[in-house]
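>>> Output the structure for:
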Amino acid sequence: DIDRDGFATGIDEVRVIYDDTAAGPDLAVPSSMVIDESGVIYIGDQSTTKRHVLRLQDLDGDGDMDQAAEAVIWLQISGNPQLADFTPTAVCLGTDGSLLVADGTSGFVYACQDIDGDGIVQGTIEVRPWFTNPSSYGISSVDALTASDGNHFFLADEENGMVLRLQDINQDGVIDATGEVLVFCDGTSSESLVVAPMVLFPSPTGGLLIADPGQDSLLLAVDLDQDGTATTTGEQQFVFDDQGVLLPSISGISTVPGPLTITIDTIEPQLVDQSGGTPIQIHGDGWLTGDEVALRIEGIDVPAMAPLAGLITAVIPAYPAGPHDLTVIIENQEHFVPLAFHSAAYFQRGDVDGNSIVGIGDAVTLLLWMFIPGSPVIPCQEAADLNDDGQLQLQDAVHLLCWLFASGPPPAQPHPDAGPDPDQNGPGCEG
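Numbers count the residues shown, from 1 in each chain. Presented below is the predicted three-dimensional model:
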């Protein structure tokens, strides 16, 4: 949606990246697709004449994959006798760089990884069984497979109405131990709203979106009681049901990055200088390079910019010490982040007299303050707590002198550059 009108109907908003006119292998019946972090696309083709997984990559940067080297048959029956009557019905990203491929014929799932770097997966080492006991859980085929938070996976069998939750708890690379498989939804139960799950998608707001073409509906299943399943009354709900007018048969679900789906992953640093001037970086999704962005903190708009898609930069002005909420404003859309950062005093540990130079004069200033009444006040007591034990004692002066003249340990952080107290638990600093 280049013009941001909410639709992808413009001339340049829909383009072909791969079809039968490309120089690569034919794509007959694409059943599932996933894109890894580097932009490589894996597509399962379940046609009776193909039964393979394609790997597509835009090597020349022209926005499509129409050259011979850009599309290869990555996984196929040939060279993998363990696959037998193989039909790839679902693919999803696994762990440690692997791709999980479901065989709809057997109900098995294989973990595939190009270990030797030859551009394909072949043999029992690169294509190994991951989940091989589907019949024990009422599964006869696999219609959908998706990953959630990198550790949990969900598998659906439309015909039997089952959704399984899979997790490799013991990290042995296979799903076969007690507790690693749970029935997340059971369509055979009278209490289940899900009847024929065909498409699965982790909801950005939590839970699992399930497309049920038998009911022309989209449902949300959420494990509210944290028992690993969504079988309790109230844990399943319809989120879209128009009797099949707009969605007579849901075949896929995805999210599109944009202002309507703003997500914030990290804000760095978390501790900013209460005097102002600290540059911050906000990483997330939902904005493009050059988008109009701003921040609002304590009711005041703060200028910001988006130099890259997924990155916002800004300089935080002065705010009182303590936690602060933040609102990210993108193209007039707002996203609230509670307790986004913490303002604190910046100082250099060891700079007792506040002249920005750490030397013997700082040890003298500390000793005078400790033992000579009427001596100048230390401007930032945190700077004088050399070992960061939360107390100002003679050993702090000794610590500094040993570092200066006897190769002792340096002052605790922040040092040698100014910064906040890492543990925020000390005598305090006024400036």
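
>>> Can you dump the C-alpha atoms of stretch 296-310 in CSV for me?
Below are the C-alpha coordinates for stretch 296-310, written out as CSV (Å, rounded to 0.1, in the frame of the first residue of the first chain):
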residue,chain,number,x,y,z
ARG,A,296,5.3,12.6,23.0
ILE,A,297,6.7,12.5,26.5
GLU,A,298,4.9,14.1,29.5
GLY,A,299,2.5,15.8,27.1
ILE,A,300,5.3,17.4,25.1
ASP,A,301,6.0,16.5,21.5
VAL,A,302,9.7,15.5,20.8
PRO,A,303,11.1,15.7,17.3
ALA,A,304,12.1,12.3,15.8
MET,A,305,13.0,10.8,12.5
ALA,A,306,12.8,7.4,10.8
PRO,A,307,16.1,7.0,8.9
LEU,A,308,15.3,3.3,8.2
ALA,A,309,12.3,1.1,8.2
GLY,A,310,11.9,-0.2,11.7
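
>>> Can you give me the buried ones in that stretch?
For stretch 296-310, a neighbour-count test (16 or more other Cβ atoms under 10 Å) marks Arg296, Ile297, Val302, Ala304, Ala306, Gly310 as buried. Glycine gets a C-beta too; all of them are placed from N, C-alpha and C.

>>> Check those residues against Asp389 and report the nearest one.
Closest approach to Asp389 among the buried residues of stretch 296-310 (Cβ to Cβ): Ile297, at 33.3 Å.

>>> Can you tell me which of the buried residues of stretch 296-310 end up in strands?
The members of the buried residues of stretch 296-310 that map onto strands under DSSP state E are Arg296, Ile297, Val302, Ala304, Ala306.

>>> Per-residue confidence, the last one, what does it come out as?
Looking at Ala306, its pLDDT stands at 93.

>>> list the contacts for it?
Contact analysis of Ala306 by Cβ atoms under 8 Å, 6 or more residues apart in numbering lists Trp287, Leu288, Thr289, Gly290, Asp291, Val293, Ile312, Thr313, Ile330.

>>> what do you get for the first one?
Arg296 is in contact with Val302, Leu326, Thr327, Ile329, Glu334, counting by Cβ under 8 Å, 6+ apart.

>>> hang on, the fourth one in a strand?
Looking back up the chat, that one is Ile329. Yes. Under DSSP: H, G, I helix; E, B strand; the rest coil, Ile329 sits within a strand.

>>> Look up the closest residue to it, ignoring the ones flanking it.
Ala294 (4.5 Å; Cβ to Cβ, 6 or more residues apart in numbering).

>>> What's the local residue count around that neighbour?
17 (other Cβ atoms under 10 Å).

>>> From the contacts of Arg296, pick the one nearest Met33.
Glu334 (32.6 Å).

>>> could you point out where the stretch 101-250 of the chain is predicted with low confidence?
Under the criterion pLDDT under 70, no range of the stretch 101-250 of the chain is flagged.

>>> could you show me where the strands are in it, in order?
All strands of the stretch 101-250 of the chain, identified by DSSP state E, counting those that start in this stretch, fall at 109-112, 127-131, 144-148, 152-157, 162-167, 181-186, 199-202, 208-212, 217-221, 236-241.

>>> is it possible to export these to JSON lines including distance to Ile357 and mean neighbour count?
Output for the strands of the stretch 101-250 of the chain, formatted as JSON lines (distance: least, Cβ to Cβ, whole Å; neighbours: other Cβ atoms under 10 Å):
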{"stretch": "strand 109-112", "distance to Ile357": "58", "mean neighbour count": "24"}
{"stretch": "strand 127-131", "distance to Ile357": "61", "mean neighbour count": "21"}
{"stretch": "strand 144-148", "distance to Ile357": "53", "mean neighbour count": "22"}
{"stretch": "strand 152-157", "distance to Ile357": "54", "mean neighbour count": "25"}
{"stretch": "strand 162-167", "distance to Ile357": "56", "mean neighbour count": "22"}
{"stretch": "strand 181-186", "distance to Ile357": "62", "mean neighbour count": "22"}
{"stretch": "strand 199-202", "distance to Ile357": "54", "mean neighbour count": "21"}
{"stretch": "strand 208-212", "distance to Ile357": "59", "mean neighbour count": "26"}
{"stretch": "strand 217-221", "distance to Ile357": "61", "mean neighbour count": "22"}
{"stretch": "strand 236-241", "distance to Ile357": "63", "mean neighbour count": "14"}
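
>>> mind giving me a markdown table with those and columns for distance to Ser249?
A markdown table is the format used below for the strands of the stretch 101-250 of the chain (distance: least, Cβ to Cβ, whole Å):
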| stretch | distance to Ser249 |
| --- | --- |
| strand 109-112 | 25 |
| strand 127-131 | 27 |
| strand 144-148 | 14 |
| strand 152-157 | 15 |
| strand 162-167 | 19 |
| strand 181-186 | 20 |
| strand 199-202 | 10 |
| strand 208-212 | 9 |
| strand 217-221 | 11 |
| strand 236-241 | 13 |
